[in-house]
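Participant: no FASTA, just this:
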């Protein structure tokens, strides 16, 4: 059953990327979750929420986002890194971020920076991210970039990563499973996937 679920999820994600890039897609169902369109396609920069289907264990998964702007030429999706392992650490560097799932670090999302400052969230045993506060700011091209993140767990609230100034957004749920979004030289937008428990 898990292999079938992974195959369906992979097919759905490839379809989503094809739509975003303007490529033809195969006819038929869109995959295991309802798809509101490519990241940033809702015509606004407002955070929206979409409920996915029930997981094999009966737990619904909620997707929050996109939050940020519609720019960014690279789509990222850490589902493939997480493979349902819990998030154990997140590192941000001047607005860019990297997630760690179990013992595996995900790739850098956003471009490399010179003279950068890193911040870490290292989760303790039994600790999970329950809420993410976000900030976005306009850039020179007239779209928005993600400018700040704050992670709140079931045990504590972390300091801001980046700026606490800007247009706010909040996403919360049972447990943050993984992050997806778009980036170029900076992180343009993110989607957050939560288990509800």
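Facilitator: Yep, it's here. Just so it is clear, the model here is predicted, and its values are computed rather than measured.
Participant: what is residue 190 paired to in the beta sheet?
Facilitator: Counting by DSSP bridges, residue 190 is bridged to residue 67, residue 181.
Participant: isn't it up against residue 146?
Facilitator: Yes. The criterion here is Cβ atoms under 8 Å, and residue 190 meets it with residue 146 at 6.2 Å. Where you see a C-beta, it was placed from the backbone N, CA and C, and this is true even at glycine.
Participant: mutual contacts of the two, please.
Facilitator: 67-68, 134, 181 (Cβ atoms under 8 Å, 6 or more residues apart in numbering).
Participant: turn these into TSV, including distance to residue 85 and neighbour count.
Facilitator: Shown next, in TSV, are the shared contacts of residue 190 and residue 146 (distance: Cβ to Cβ, whole Å; neighbours: other Cβ atoms under 10 Å):
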residue	distance to residue 85	neighbour count
67	24	27
68	25	31
134	23	24
181	19	26
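Participant: name the nearest of those residues relative to residue 140.
Facilitator: Taking Cβ to Cβ as the measure, residue 140 lies nearest residue 68 of the shared contacts of residue 190 and residue 146, at 15.3 Å.
Participant: please report the distance of that closest one from residue 153.
Facilitator: Going from residue 68 to residue 153 by Cβ to Cβ, to the nearest Å gives 22 Å.
Participant: repeat for residue 139
Facilitator: For residue 139 relative to residue 153 (Cβ to Cβ), the value is 30 Å.
Participant: higher neighbour count, those two?
Facilitator: With neighbours defined as other Cβ atoms under 10 Å, residue 139 and residue 153 compare such that residue 153 has more, 18 against 14.
Participant: the residue lying closest to the more buried one once chain neighbours are set aside: what's it in contact with?
Facilitator: Spatial nearest neighbour of residue 153, chain neighbours left out: residue 127 (4.9 Å); criterion: Cβ to Cβ, 6 or more residues apart in numbering. Residues counted as contacts of residue 127 (Cβ under 8 Å, 6+ apart) are 153-156.
Participant: quick one: which of those residues is most hemmed in?
Facilitator: Tallying neighbours with other Cβ under 10 Å puts residue 153 at the head of the contacts of residue 127, with 18 neighbours.
Participant: what phi and what psi does the backbone show at that one?
Facilitator: Residue 153 adopts backbone torsions of phi -110, psi -180, taken as degrees, to the nearest 10.
Participant: all numbers from here: first residue = 12
Facilitator: Yep, numbering from 12; the last one is residue 164 now.
Participant: could you give the bridge partners of it?
Facilitator: In beta-bridge terms (that is, DSSP bridges), residue 164 pairs with residue 140.
Participant: so how far is residue 181 from it?
Facilitator: Counting by Cβ to Cβ, the gap from residue 164 to residue 181 is 15 Å.
Participant: looking at residue 201 and residue 157, which is more packed in?
Facilitator: Ranked by neighbour count (other Cβ under 10 Å), residue 201 and residue 157 place residue 157 first, with 32 against 27.
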